[in-house]
Structures are given as C-alpha cells and as structure tokens.
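K.L.:
Dropping the sequence and predicted coords here.
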Amino acid sequence: MTTPSVRIRRATPDDVVILAQLNRFVHDLHVDARPDIFLLAHAASVLAPHFAAFLAREGAMAYIAESSETGPVGYITATIQNRSADALMHPQRFVYVNHIAVDPQAARTGVGSALVESVRAAALEAGCTSLLTDVWDFNTKALTFFENQGLGRIQHRLEQRL
C-alpha cells in the first residue's frame with residue numbers, strides 16, 4: 001500500500017468553507033475537554049465568516065494540506081506579530097500558530113509537519129526570529145507533536161476556576 005501524495009498550498013478567501021470543515025478535527029477535542037470554554041461546533045457555513053475575518057487580518061496566513069486521493073486533510077493558521085521594545089523586553093517579530101488540524105486518517109503521515117514547515121518558511125521569509133504557539137494541557141498529542149517539531153516550552157499559563 002502506498003501513501004497518497006499530499007500537497008501544501010496557501011489558503012485563499014475562497015477556502016474558508018474548507019477551513020471550517022477541517023476545524024472539527026481539533027475543535028471537537030477542545031469542546032470535549034473544556035465545554036465551559038469552547039462552544040459546540042457550528043456548521044461550516046457558520047464558521048466560514050470567522051475564517052474569512054482571520055484571513056483578512058494583516059499578517060495572517062493559512063495553509064491547506066490536500067491529499068491526491070481524498071482532498072483536504074489538514075490546515076494550519078498563523079499570524080506574524082511584532083512586539084515593540086519596552087523598558088523590560090527587546091522588540092520581537094515572530095509567527096504565532098493559531099490552529100492546526102489534521103484528519104485523524106492522515107495523522108502521523110507527515111501532514112502536520114509539512115504544514116508547520118510551510119509556516120516556518122513563510123515566517124523566515126518575513127524576517128521572523130521565532131515560531132510560537134500554545135497548547136492546552138489536555139492536548140498531550142499536540143504538545144508532543146510541537147516538541148517533535150523543535151518547539152520548546154517557554155511559559156506556563158495557570159488557571160483557578162472561581
């Protein structure tokens with residue numbers, strides 16, 4: 001059995017429904033773990049304007065992974081951000097990964113790595129010096145994935161429910 005080829009391409013405003021459909025692969029996990037924070041998944045037609053607004057932001061980028069056999073199997077969204085210097089910190093230009101989602105049928109085939117590499121390449125071209133993301137504590141697979149991509153832990157965010 002051969003692995004189908006996967007092509008990574010930059011998403012356009014015409015792809016917002018595809019992004020919305022693929023979002024369920026990551027969003028459902030978040031709803032299951034934290035229904036107090038995350039809303040039940042909406043139909044793609046309801047989520048499409050959310051992705052359209054994201055793509056319209058300055059510095060926003062999104063990539064879609066397409067299988068030669070099954071069509072879209074994953075996406076990643078990221079934003080180039082600039083942080084000004086202040087009395088305590090140096091200026092920073094970095095790329096922040098907002099979302100990554102891969103169809104479970106395509107997991108562990110290199111799709112996620114290829115999506116991250118697409119963002120990394122665009123960020124380097126844009127003069128970014130680091131790639132950042134955050135991962136919910138319950139999403140241990142994502143944490144392992146990003147660590148395997150070369151990202152290291154730099155900060156901990158804590159919560160106390162009141």
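P.N.:
Done, it's in. Numbers count the residues shown, from 1 in each chain.
K.L.:
hang on, A121 in a helix?
P.N.:
Yes: under DSSP: H, G, I helix; E, B strand; the rest coil, A121 sits within a helix.
K.L.:
what about it, distance to Y63?
P.N.:
Noted for A121: a distance of 10 Å to Y63, by Cβ to Cβ, to the nearest Å. In this view, the C-beta of every residue, glycine as well, is placed from N, C-alpha and C.
K.L.:
Show me which of these two is the more surrounded one.
P.N.:
Y63 (23 against 12; other Cβ atoms under 10 Å).
K.L.:
what secondary structure does the more buried one sit in?
P.N.:
Counting by three-state DSSP, the backbone at Y63 sits in strand.
K.L.:
any idea what sits nearest it, other than its immediate chain neighbours?
P.N.:
Leaving aside its sequence neighbours, Y63 sits nearest to S118 (Cβ to Cβ, 6 or more residues apart in numbering; 4.4 Å).
K.L.:
give the contact list for the closest residue to V46 other than its chain neighbours.
P.N.:
Distances taken as Cβ to Cβ, 6+ apart place A20 nearest to V46, at 7.8 Å, with adjacent residues excluded. Going by Cβ atoms under 8 Å, 6 or more residues apart in numbering, A20 touches A44, S45, V46, L47, A48, H50, F51.
K.L.:
I'd like to know which of those are buried.
P.N.:
With neighbours counted by 16 or more other Cβ atoms under 10 Å, the contacts of A20 contain buried members at A44, L47, A48, F51.
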